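Engineer: give me a model of this one.
(chains A and B)
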Number of protein chains: 2
Amino acid sequence: MSHISSGVEYGLHCLLYLTEPSDGAPEASVRDLAELQGVPADYVAKLFTKLHKAGLVIATEGAKGGVALARPASEISVLDVVIAIDGDKPLFECKEIRGRCAVFGESVPGWATSGVCSIHAVMQQADKRMRESLAAQSLADLSSRVTAKAPRTHGPQVVKWLKGRSANRRRDRGASADAE
Amino acid sequence: MSHISSGVEYGLHCLLYLTEPSDGAPEASVRDLAELQGVPADYVAKLFTKLHKAGLVIATEGAKGGVALARPASEISVLDVVIAIDGDKPLFECKEIRGRCAVFGESVPGWATSGVCSIHAVMQQADKRMRESLAAQSLADLSSRVTAKAPRTHGPQVVKWLKGRSANRRRDRGASADAE
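Structural biologist: Just a heads-up that it's a prediction; the model follows:
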């Protein structure tokens, strides 16, 4: 598995659909977002549980209820999403082998294990550079690049698809209420 | 497992012992380097096979034979060692889910999958920053920081330990030749 998982890819693709003003479209449900992208709904539901716990999304109530970003897309970074879904994993975990040098015998001198191991420090610096790069990109930045690539007709097509899904859900609810 | 493995940590610690002029000490064998650091010799041998394949170390011949850096320590970066041992792994592997959008149906338009996915591009940028950081640090840089931390007596202690190992090997070889 890569350091940054496919879950992050799926999560980001879903979140990008929540960055745009919905133009009167119903807010998308997690199931809608999953099916819109051909990704298993159960899997996406687990991702949204993590995104919700991290405070990045909220559930909206009412007939048009679904999920929404908890704050503006410009204030949610790619790093926020990576940490929410994959956890706050370091690039490297130091095993502190520097204290095992055979010349120390049973008594490891203080200098050998004081501070951060020089090798660990190099890895921490690389980890920091990676995080800075991910933190510098917001969902709004990503969304503007994705939108610039798509023809103008694509957004309305997605809204139409989501409206269709929402209408079906209301019809289904009505039918099951009639049956009761 | 972390993105950068413990094998890299072990490999770097071993290589640091090869960065210093040996002051008349025998060149270390892979087994010496492993035991000097309390790390399993078989495991370190596998790491050195990888380092050798990547052209970072050479085997030296003769009675004092062992392993040595294939080029100056200032010309071997931490990134070289990471790639030699862990392989050239990307931080993120794009599953290209952008082409699966339900509104496309069976015919995915060209614009949807042309060029690099915007999400993938963000991950590639972070990967690049991480690699630049690791490439900017050489074994010589690392060694000078490790040496600065240790008291002056430590280097000679390590040389003495390695000389003892080498003398034992010669004695063992002599004994087994006598026995034949």
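Engineer: show me where chain A has helices.
Structural biologist: A:6-16, A:30-36, A:41-53, A:78-86, A:110-113, A:118-135, A:139-149, A:154-179 (DSSP state H).
Engineer: of all these, which lies closest to B:Gly87?
Structural biologist: helix A:118-135 (16.6 Å; CB to CB). No exception for glycine: its C-beta is placed from N, CA and C like everyone else's.
Engineer: which residues touch that closest one?
Structural biologist: Here helix A:118-135 makes contact (CB atoms under 8 Å, 6 or more residues apart in numbering or on different chains) with A:77-79, A:82, A:90-92, A:94, A:98, A:116, B:4, B:9, B:12-13, B:78, B:91, B:122-123, B:125-134, B:137, B:142, B:145-146, B:149.
Engineer: against B:Ala102, how distant is the residue nearest to the spatial centre of chain A?
Structural biologist: For chain A, the residue whose C-alpha lies nearest the mean C-alpha position (CA atoms, centre = their mean) is A:Val81; its distance is 3.3 Å. Distance check for A:Val81 against B:Ala102: by CB to CB, to the nearest Å, it reads 22 Å.
Engineer: rewinding a little: quick one: the residue nearest to the centre of chain A and A:Glu9 touch, right?
Structural biologist: No - counting by CB atoms under 8 Å, A:Val81 does not reach A:Glu9; the two are 10.0 Å apart.
Engineer: buried subset of the contacts of helix A:118-135, written for ChimeraX?
Structural biologist: Here is the ChimeraX selection string for the buried members of these, based on 16 or more other CB atoms under 10 Å in any protein chain shown:
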select /A:77,78,79,82,91,92,94,98 /B:4,9,12,13,78,91,122,123,125,126,127,129,130,131,133,134,137,142,146
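Engineer: where does pLDDT dip in chain A?
Structural biologist: A:21-26, A:62-65, A:169-170, A:172-180 (pLDDT under 70).
Engineer: repeat that for 90
Structural biologist: A:1, A:17-29, A:36-39, A:59-66, A:94-117, A:145-180 (pLDDT under 90).
Engineer: can you count the residues close to the residue lying closest to A:Arg165 once chain neighbours are set aside?
Structural biologist: Excluding the flanking residues, the one nearest A:Arg165 by CB to CB, 6 or more residues apart in numbering or on different chains is A:Asp32, at 5.0 Å. For A:Asp32, the neighbour count with other CB atoms under 10 Å in any protein chain shown is 24.
Engineer: who are the contact partners of A:Asp32?
Structural biologist: A:66, A:162, A:165-166.
Engineer: most widely separated two among these?
Structural biologist: A:Gly66 and A:Arg165 (10.0 Å).
Engineer: look at those two and report which has more neighbours.
Structural biologist: A:Gly66 (23 against 19).
Engineer: any idea how far the more buried one lies from A:Ser107?
Structural biologist: Look at A:Gly66 and A:Ser107: by CB to CB, they are 63 Å apart.
Engineer: neighbouring contacts of stretch A:68-76?
Structural biologist: So stretch A:68-76 is in contact with A:15, A:18-19, A:27, A:55-58, A:60, A:138-141, A:143, going by CB under 8 Å, 6+ apart.
Engineer: also stretch A:9-20?
Structural biologist: With CB under 8 Å, 6+ apart, stretch A:9-20 has contacts from A:28, A:30, A:33-34, A:36-37, A:39, A:43-44, A:47-48, A:50-51, A:56-57, A:67-69, A:73, A:76, A:78, A:81, A:84-85, A:139-140, A:142-143, A:146-147, A:155, A:158, B:92, B:94-95, B:97-98, B:119.
Engineer: of these, buried ones?
Structural biologist: A:28, A:30, A:33-34, A:36-37, A:39, A:44, A:47-48, A:50-51, A:56-57, A:67, A:69, A:73, A:76, A:78, A:81, A:84-85, A:139-140, A:142-143, A:146, A:158, B:92, B:94, B:97-98, B:119.
Engineer: how close does the nearest residue in space to A:Glu93 that is not next to it in sequence get to A:Ala84?
Structural biologist: The shortest distance from A:Glu93 to any non-neighbouring residue, by CB to CB, 6+ apart, is to B:Ser2 (4.9 Å). According to CB to CB, B:Ser2 stands 19 Å off from A:Ala84.
Engineer: kindly report the same for A:Ala73.
Structural biologist: A:Ala73 is 15 Å from A:Ala84, by CB to CB.
Engineer: go on, A:Phe104?
Structural biologist: 42 Å.
Engineer: check A:Thr147 too.
Structural biologist: 23 Å.
Engineer: for the residue nearest to A:Leu51 when sequence neighbours are not counted, what are its contacts?
Structural biologist: For A:Leu51, ignoring the flanking residues on the chain, the nearest one in space by CB to CB, 6+ apart is A:Val57 at 4.7 Å. The contact partners of A:Val57, by CB under 8 Å, 6+ apart, come to A:15, A:18, A:48, A:51, A:67-70.
Engineer: and for A:Phe48?
Structural biologist: For A:Phe48, the contacting residues are A:11, A:14, A:30, A:57, A:67, by CB under 8 Å, 6+ apart.
Engineer: many thanks, I have nothing further to ask.
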